[in-house]
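> please work out how this folds:
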Amino acid sequence: MKCPFCREESFAKKKNIMDGWKVTKVVRVCALCGKELPEEEKDKAGDPAAARSAAFAALLGGEAPEKITLQGSADCDFCRNCVNFIEHPFQPLCALDGSAADPMGSCAKFKHSCPIK
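Below is the predicted model of the structure:
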């Protein structure tokens, strides 16, 4: 950007206006001359995330995809979801018999700790 005060090619940086130890305002200043820059106009789209999504979709040559929501399934019968599973940095253990437990394994003594069921 070109600074309107020093007429040099520069960039803007943020500066905190303080009242004692409290930040009262954050302004943009020129990195070279340090003068406060005028406020930029807000994006007319309103939602910057929607504008970025539309721009990305335009780049890929299509429409923006609808928002995807992830939902868990009831099939969480893995040892890592068992109430008897003990996390350990070297070897995960089973609290019932103290044996090594495979986090992705399963056994007949499984008890759900999974909130889905």
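> lowest confidence element among the helices and strands of this structure?
Scoring the helices and strands of the chain by mean pLDDT, DSSP states H and E places helix 48-60 at the bottom, with a mean of 79.
> what's it packed up against?
With contacts defined as 3 or more C-beta pairs under 8 Å, 6 or more residues apart in numbering; DSSP states H and E, helix 48-60 has no helix or strand neighbours. Any C-beta I mention is one placed from the backbone N, CA and C, and that applies to glycine too.
> nearest the geometric middle of this structure, what residue?
Compute the mean C-alpha point of the chain, and by C-alpha atoms, centre = their mean the closest residue is A49, 13.0 Å away.
> residues touching P4, list them.
If you count contacts by C-beta atoms under 8 Å, 6 or more residues apart in numbering, P4 has them with L37, P38.
> ok, it to A12 distance?
Distance of P4 to A12, computed by C-beta to C-beta, to the nearest Å: 11 Å.
> ok so, going back, state the distance from the residue nearest to the centre of the chain to L96.
For A49 relative to L96 (C-beta to C-beta), the value is 47 Å.
> check contacts around the closest residue to K35 other than its chain neighbours.
The shortest distance from K35 to any residue other than its chain neighbours is 4.5 Å, reached at F5 (C-beta to C-beta, 6 or more residues apart in numbering). F5 makes contact with C30, C33, K35 under the criterion C-beta under 8 Å, 6+ apart.
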